[in-house]
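Q: predicted coordinates and the sequence they were generated for:
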Number of protein chains: 2
Amino acid sequence: MRTRDENKEQIVRQKAIEMIVQEGLDGFSMQKLAKASGVSPATLYIYYKDKDDLILKLGVEEGKRMSDATLQGFNPDLPFAEGLRIQWHNRARFWLENPQANYCFEQLRHSAHRDKIHASIQDNFAEIMGKFVKKAIQNGELSPMPIEVYWSIAFAPLYNLIRFHNEGRSMGGKPFIFSEDIMNQTLALVLKALKP
Amino acid sequence: MRTRDENKEQIVRQKAIEMIVQEGLDGFSMQKLAKASGVSPATLYIYYKDKDDLILKLGVEEGKRMSDATLQGFNPDLPFAEGLRIQWHNRARFWLENPQANYCFEQLRHSAHRDKIHASIQDNFAEIMGKFVKKAIQNGELSPMPIEVYWSIAFAPLYNLIRFHNEGRSMGGKPFIFSEDIMNQTLALVLKALKP
DNA sequence: TATAAATAAACAAACGTTCATTTATACTTG
DNA sequence: CAAGTATAAATGAACGTTTGTTTATTTATA
């Protein structure tokens, strides 16, 4: 039997991401994707059940790649400040190295597809993170607080810096470029907030 | 001459928001919007130049409504902690009272239309906020820091809590409902981070 | 040779947009 | 105050495209 051309599959993924980044979800179509990928429209339906399935798989895979990247070199038994610092660096590096995929993922996360995408991400990631936080509180390295408050303080500022960077500007259209220095300043304030 | 039916215009706006919330930007079409609004497709082209123009105006107007709401009862000469508290309450109230419009705006902000929408928001809002921060630093109420760091610490956590609330769940699919208590806990940590 | 991959061509349906026409109202005229 | 006119609002039907998806066929490999 004829073998699947993995390379072709990868081109389709890459072109899909590029197309969503450049034209948005509303400018994204199967026929345009096929043409851009140098592939027949029917081929897309060998790889994916339908358009929704393609978008869903794109989002889920990208989300998985991100959580994997975030957990590199991390384990929940690390001292709190160091564990958090590693996660910040992991996320920042991943985002800066994959700006297109990241921007695409951000669009999907905020689109009408987000429920299905989120549903597929509820794996062991939240569990590891929950364990890390619980242990830090027990050890007196972290003020007791609801997990949602923790998450909002611990990561939302970093997300926001990356968003500024991806958009190239912060509030009022002021140009902005992410740097390690800016990140460390922000992380220091976050640690200050979380310290008992 | 015949007069414009303002009510009809408003219905179109409302239905557009509902449709984008429920079906996403990729499920949003002029013909469906016309039908849902009980209006001829051609009528939409009296109100708006084309589909892009409609989406743009929707985003810009919603952004304006939000910044207006945020500044209610606020002025840059307030003591820092109080000024920030007012802004948090204003934003939270506005979001909770306009969940659909807010979710629609979030989609537009993260779509391919975001550049045009952002370009129209760079009004006096950032200026007022810049003045507020500058004064707080001079008065010793706030640690000196780049404005982007300030913004990320000061508001991103609140945005994130609201996002959890709108999605009905936080990390790992855990159900979540926003409350004044949760907000105040988070605000307290933010103020702790920002305090000199 | 068996079989899944891949295709080109086609489908109805929906798309964004326009056009010729009708409708309602503010303003002018008697 | 009533009748008539000018004009923008509003329409239903249609335009050519593009949409998502399928079908019948060809191609490459185990």
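A: Happy to help now that I have it.
Q: nearest residue to residue A:121 in space, please, no chain neighbours.
A: residue A:63 (4.7 Å; C-beta to C-beta, 6 or more residues apart in numbering or on different chains). To be clear about C-beta, it is placed using only N, CA and C from the backbone, and glycine gets the same treatment.
Q: ok, now residue A:51?
A: The spatial neighbour of residue A:51 that comes closest, neighbours along the chain excluded (C-beta to C-beta, 6+ apart), is residue A:30 at 5.7 Å.
Q: the residue nearest to residue A:121: what's it in contact with?
A: By C-beta atoms under 8 Å, 6 or more residues apart in numbering or on different chains, the residues touching residue A:63 are A:105, A:117, A:120, A:121.
Q: residues of chain A that sit close to DNA strand D?
A: With C-beta under 7 Å from any atom of the strand as the criterion, chain A comes near DNA strand D at residues A:1-3, A:28-32, A:34, A:40-42, A:44-45, A:50-52.
Q: just the buried ones from those?
A: Of all the residues of chain A next to DNA strand D considered here, the ones buried according to neighbour count by 16 or more other C-beta atoms under 10 Å in any protein chain shown are A:28, A:30, A:34, A:44.
Q: and the third one, how far from DNA strand C?
A: Meaning residue A:34. As judged by C-beta to the nearest atom of the strand, to the nearest Å, residue A:34 and DNA strand C stand 8 Å apart.
Q: now whichever strand or helix holds that residue: mean pLDDT?
A: Residue A:34 is part of helix A:30-37 when elements are defined by DSSP states H and E. Per-region confidence: helix A:30-37 scores 98 on mean pLDDT.
Q: name the helices or strands packed onto it?
A: In this structure, helix A:30-37 packs against helix A:6-23, helix A:41-47, with contacts taken as 3 or more C-beta pairs under 8 Å, 6 or more residues apart in numbering or on different chains; DSSP states H and E.
Q: in JSON lines, list the ones you listed along with distance to DNA strand C and mean pLDDT.
A: Output for those, formatted as JSON lines (distance: least, C-beta to the nearest atom of the strand, whole Å; pLDDT from 0 to 100):
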{"stretch": "helix A:6-23", "distance to DNA strand C": "5", "mean pLDDT": "97"}
{"stretch": "helix A:41-47", "distance to DNA strand C": "3", "mean pLDDT": "98"}
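Q: okay, those, which one's buried deepest?
A: helix A:6-23 (a mean of 16; mean count of other C-beta atoms under 10 Å in any protein chain shown).
Q: run the angle between that helix and helix A:30-37 for me.
A: On the basis of axes from the mean of the first three to the mean of the last three C-alpha atoms, to 10 degrees, helix A:6-23 is oriented at 120 degrees to helix A:30-37.
Q: for helix A:6-23, which outside residues touch it?
A: Under the contact criterion C-beta under 8 Å, 6+ apart, helix A:6-23 has outside partners A:27-28, A:32-33, A:36-39, A:43-44, A:47, A:54, A:58, A:61, A:100-101, A:103-104, A:107-108, B:112.
Q: and what of stretch A:35-45?
A: Contacts of stretch A:35-45 from elsewhere in the structure, counted by C-beta under 8 Å, 6+ apart, are A:8, A:11, A:12, A:15, A:18, A:19, A:30, A:31, A:33, A:34, A:54.
Q: what residues of the helix or strand harbouring the last one count as buried?
A: Going back to what we said before, that points to residue A:54. When elements are assigned from DSSP H and E, residue A:54 belongs to helix A:51-70. Along helix A:51-70, these residues count as buried under the neighbour rule (16+ other C-beta under 10 Å): A:54, A:55, A:56, A:57, A:58, A:59, A:60, A:62, A:63, A:66, A:67, A:70.
Q: contacting residues around the residue positioned nearest the centre of chain A?
A: With distances taken as C-alpha atoms, centre = their mean, residue A:66 lies nearest the centre of chain A, 4.8 Å away. With contacts defined as C-beta under 8 Å, 6+ apart, residue A:66 is in contact with A:91, A:94, A:102, A:105.
Q: I'd say the second one and residue A:69 touch.
A: Yes. Contact status for residue A:94 versus residue A:69: in contact at 3.9 Å, counting by C-beta atoms under 8 Å.
Q: quick check: residues of chain A near DNA strand C?
A: Of all the residues in chain A, those lying near DNA strand C are A:1-5, A:8-9, A:38-43, A:46, going by C-beta under 7 Å from any atom of the strand.
Q: show me where pLDDT drops low in chain A?
A: Applying pLDDT under 70 to chain A flags residues A:122-123.
Q: also compute the angle for the very next helix or strand once past the helix holding residue A:54 relative to helix A:51-70, please.
A: Towards the C-terminus, the helix or strand next in line after helix A:51-70, according to DSSP H and E, is helix A:80-97. Computed by the same axes, to 10 degrees, the angle separating helix A:80-97 from helix A:51-70 equals 130 degrees.
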